[in-house]
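Asker: with the input below, show me the fold.
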Amino acid sequence: MTTTENTSAPVAFRYSAVTFDCPDPAELARFYGEALALPVVHSTDDFVLLGGAQDGAAGLGFNRLADYRRPTWPDPAQEKQAHIDLGVDDLDAAEARLLALGATKPDFQPAPDRWRVLLDPAGHPFCVSTVA
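Answerer: Just a heads-up that it's a prediction; the model follows:
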């Protein structure tokens, strides 16, 4: 058995985006785009990508999933698959702004003095905490 050596340069990987499944990509992109001041860089009926593409920074994508089921956090019946953490200077002001944009606040809050758990319009939990 012979093996060939790969003499080419190693492949360089970089983080480019995280994509959330949802029932309405445009709605979820509007929410996160306004919250994070990220522009739409690509859009179709079934997928929207925010930010990143023009300067190489990572973006956020939103993909239409026909049979999407909202997470039921903190109830484990339909677990969350992932969540995003947002750092802010003023926790109360950030929470108010995100609620005005369409987030909801579940009753259960594990550590409300340190961080808040909110749900985006598609039901994905995300955390907001003060940055040190």
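Asker: now do the strands in the chain.
Answerer: Taking DSSP state E as the criterion, the chain carries its strands at 17-22, 40-43, 47-50, 59-64, 84-88, 115-119, 125-130.
Asker: of all those, which one is nearest Leu98?
Answerer: Smallest distance to Leu98 across these (CB to CB): 5.6 Å, for strand 115-119. For glycine as for every other residue, the C-beta is placed from the backbone atoms N, C-alpha and C.
Asker: and this structure, what are its domains?
Answerer: Annotated domains of the chain cover 15-68, 69-132 [automatic domain parsing].
Asker: ranking those domains by burial, who's on top?
Answerer: Among the domains of the chain, domain 15-68 has the highest mean neighbour count (mean count of other CB atoms under 10 Å), at a mean of 16.
Asker: poorly predicted segments of the chain, please.
Answerer: 1-7, 12-13, 52-56, 132 (pLDDT under 70).
Asker: and the residue nearest the centre of it?
Answerer: With distances taken as CA atoms, centre = their mean, Ile84 lies nearest the centre of the chain, 4.9 Å away.
Asker: leaving aside the residues adjacent along the chain, what's closest to that residue?
Answerer: Leaving out its chain neighbours, the residue that sits closest to Ile84 by CB to CB, 6 or more residues apart in numbering is Phe126, at 4.6 Å.
Asker: quick one: that neighbour from Phe31, how far?
Answerer: 10 Å (CB to CB, to the nearest Å).
Asker: who's in contact with Leu98?
Answerer: Ala35, Leu118, Val128 (CB atoms under 8 Å, 6 or more residues apart in numbering).
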